[in-house]
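[1] Would you be able to build a 3D model of this:
(4 chains)
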There are 2 protein chains.
Amino acid sequence: MRDKAIEDAWRGQAECRKCGIRELALFSDLQETDFGHIHLPIDEIQFEPGSALYHVGDPGVAVFTVRTGLVKLVRYLADGSQRIVRLLRPGDTAGLEAVLGQDYEHTAIPLRSALTCRIPREVVNRLAEGTPRMHAQLMQRWQQNVRQADAWLTSLSTGGAKARVARLLLLLMDDGATRECALFGREDMGAMLGVTTETASRVVAEFRREGILAEKGPNLYDCDVEALRLIAGA
Amino acid sequence: MRDKAIEDAWRGQAECRKCGIRELALFSDLQETDFGHIHLPIDEIQFEPGSALYHVGDPGVAVFTVRTGLVKLVRYLADGSQRIVRLLRPGDTAGLEAVLGQDYEHTAIPLRSALTCRIPREVVNRLAEGTPRMHAQLMQRWQQNVRQADAWLTSLSTGGAKARVARLLLLLMDDGATRECALFGREDMGAMLGVTTETASRVVAEFRREGILAEKGPNLYDCDVEALRLIAGA
DNA sequence: CGACCCCTTGAGATACCTCAAACTAAGTGG
DNA sequence: CCACTTAGTTTGAGGTATCTCAAGGGGTCG
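    Got it, this is the predicted structure:
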């Protein structure tokens, strides 16, 4: 498919204790002593767009924490097209099903270069045995996935194409906390919103003509948050 | 709204040990001794269509196991309309977020008369502390929710209206294990599939004219599974 | 400079939505 | 027991949004 598949970059064993985003991540609740339970290496791996963290159907051997970048969870349809069912951002966890010994249910592919921590399944299981807090954290993560899945359905797969695009933009800006918004390929946008590539392109182009979006760089836009909220609401 | 709201029927305290669907339910892995940890009453409650198990935003005080019937999880949109994000069938669990002490994220309403077991939040938590198997079961349930949410998006919110209806019918027949299919109101169908009531009605009517569906009673149909599979695939 | 990829734009076909009316079935009250 | 109401389903007709197919830019990279 893609001949420009890039080699996975390995950055070395992670130092969870000093992790800059630990308060966001799966290990946020761990105490100093808990780290003793980690008996297998946790690798820091950088993935580039086009190379998957894992593929649908692969045996689930590890969980990934996303530290930087953006990762899409993809499911392929009967006709070969893809539907993106979730987006993982820094602090999110990919492949939780591995903890249950199940095969991966999606293919996870970075949309932007993404730095991840690869945590072997057994490490999570052993930690979970030892610390109740880890259990709570895992359940919290699962619930977060459910919540995002529901939000995806109600806000990105409901209403007209313009409203969907507007909601996606707001979501990417943390509901308008910032004006800047990094976009991605129109095909991926379409796969998220359940519309065709052309429709996604048309809507973005229209927003730009109307001054709601101002291009600041390659796929980087300055957004009129208020206007977007108006369109998203309708 | 509904003046014919029916009183919740209480059937008495549940006997989990003898439960006929225990192998399906949340307590499937419990041992005889584990039942000693149950210190609060688990009630059997029958809900009728129109009376909710719980409402979105209510504090999550209990988890429900569905024993019979069919329950919809609803989220309301800005314009007041509803979107059904999941269906619970016998053996499924509603309101898992209560275990985490969170508010309910949906409104749960039976589509058909449904017998449920109401399990107080503290009972689940206490059981989880005592038995690791309960932990595993909870995580399994959460993962099941995620899986259903993803399936809902990819199979009921993707493709044309005819394909969506066909997939919904197959889903209700356990992917074609039985030919019989109990349907519900067209408005609910629309809310599941992300189409209008009229479109849902038109598709069902068309299927009936084409002989794919044969009415056997009020909202009870005999289905041509093969034909549906063909339509669902396209 | 040419090849390639992706985004954009166009024009026609189509599916779905909207609004509105007719029909059905079940419940209500005279 | 029958008109009358009410809620839900079905059907129609017209408008509109999205899809499909196709062609034309604008970068980037060899």
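[2] C-alpha only now, for contacts and for neighbours.
    Noted.
[3] Enumerate the residues of chain A near DNA strand D.
    Chain A has residues A:159-162, A:194-196, A:198-199 near DNA strand D, with proximity defined as C-alpha under 7 Å from any atom of the strand.
[4] mind checking which helix or strand residue A:230 is in?
    Assigned by DSSP states H and E, residue A:230 belongs to helix A:225-233.
[5] Would you mark the buried spots in that helix?
    A:225, A:228-229, A:231-232 (16 or more other C-alpha atoms under 10 Å in any protein chain shown).
[6] Over to stretch A:40-50?
    Burial within stretch A:40-50, assessed by neighbour count using 16+ other C-alpha under 10 Å, is assigned to A:42-50.
[7] Tell me the one of those nearest DNA strand C?
    residue A:50 (9.7 Å; C-alpha to the nearest atom of the strand).
[8] In this structure the closest one contacts residue A:109, no?
    Yes - at 6.5 Å, residue A:50 counts as touching residue A:109 under the criterion of C-alpha atoms under 8 Å.
[9] what about stretch A:179-191, near DNA strand C?
    Yes - counting by C-alpha under 7 Å from any atom of the strand, DNA strand C has neighbours in stretch A:179-191: A:184-187.
[10] Just the ones of those residues in strands?
    Nothing among these maps onto strands, per DSSP state E.
[11] If we check chain B, which of those are in contact?
    The overlap between the residues of stretch A:179-191 next to DNA strand C and the neighbours of chain B (C-alpha under 8 Å from any C-alpha of the partner chain) is empty.
[12] Can I get these in CSV including pLDDT?
    As requested, these are exported to CSV (pLDDT from 0 to 100):
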residue, pLDDT
A:184, 96
A:185, 97
A:186, 98
A:187, 97
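[13] Give me the neighbour count for the nearest residue to residue A:25 once chain neighbours are set aside.
    If the residues on either side of it in the chain are set aside, residue A:25 comes closest to residue A:91, at 4.8 Å by C-alpha to C-alpha, 6 or more residues apart in numbering or on different chains. Number of residues near residue A:91 (other C-alpha atoms under 10 Å in any protein chain shown) recorded here: 19.
[14] so who does residue A:91 touch?
    If a contact means C-alpha atoms under 8 Å, 6 or more residues apart in numbering or on different chains, then residue A:91 has A:21, A:24-26, A:65-67 as its contacts.
[15] Just the buried ones out of those, please.
    Among the contacts of residue A:91, those classed as buried by 16+ other C-alpha under 10 Å are A:21, A:25-26, A:65-67.
[16] Run through chain A and note the low-pLDDT ranges.
    Applying pLDDT under 70 to chain A flags the ranges A:1-13.
[17] Report the contact partners of the residue nearest to residue A:212 when sequence neighbours are not counted.
    Of all residues not flanking residue A:212 in the chain, residue A:224 sits nearest, at 5.0 Å (C-alpha to C-alpha, 6+ apart). For residue A:224, the contact set (C-alpha under 8 Å, 6+ apart) comprises A:179, A:211-213.
[18] quick check, nearest of the residues you listed to residue B:123?
    Nearest to residue B:123 among the contacts of residue A:224: residue A:179, at 45.8 Å, using C-alpha to C-alpha.
[19] for chain A, what spans make up the helices?
    A:121-130, A:132-151, A:161-172, A:186-193, A:197-209, A:225-233 (DSSP state H).
[20] And the first one, what's buried?
    In other words, helix A:121-130. Those would be A:121-124, A:127-128, for helix A:121-130 by 16+ other C-alpha under 10 Å.
[21] Which secondary structure elements does that helix sit against?
    helix A:132-151 (3 or more C-alpha pairs under 8 Å, 6 or more residues apart in numbering or on different chains; DSSP states H and E).
[22] Could I have the CA atoms of the helix it packs on written out in PDB?
    Taking Å, rounded to 0.1, in the frame of the first residue of the first chain, the C-alpha atoms of helix A:132-151 are listed here in PDB:
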ATOM      1  CA  PRO A 132      -6.300  -1.000  43.900                       C
ATOM      2  CA  ARG A 133      -5.600   2.400  42.600                       C
ATOM      3  CA  MET A 134      -4.500   0.900  39.300                       C
ATOM      4  CA  HIS A 135      -7.800  -0.900  39.100                       C
ATOM      5  CA  ALA A 136      -9.700   2.400  39.600                       C
ATOM      6  CA  GLN A 137      -7.500   4.000  37.000                       C
ATOM      7  CA  LEU A 138      -8.200   1.300  34.400                       C
ATOM      8  CA  MET A 139     -11.900   1.500  34.900                       C
ATOM      9  CA  GLN A 140     -11.700   5.200  34.600                       C
ATOM     10  CA  ARG A 141      -9.900   4.800  31.300                       C
ATOM     11  CA  TRP A 142     -12.500   2.400  30.000                       C
ATOM     12  CA  GLN A 143     -15.300   4.700  31.000                       C
ATOM     13  CA  GLN A 144     -13.500   7.500  29.200                       C
ATOM     14  CA  ASN A 145     -13.500   5.400  26.000                       C
ATOM     15  CA  VAL A 146     -17.200   4.800  26.300                       C
ATOM     16  CA  ARG A 147     -17.800   8.500  26.900                       C
ATOM     17  CA  GLN A 148     -15.800   9.400  23.800                       C
ATOM     18  CA  ALA A 149     -17.500   6.800  21.700                       C
ATOM     19  CA  ASP A 150     -20.900   8.200  22.700                       C
ATOM     20  CA  ALA A 151     -19.800  11.800  22.100                       C
END
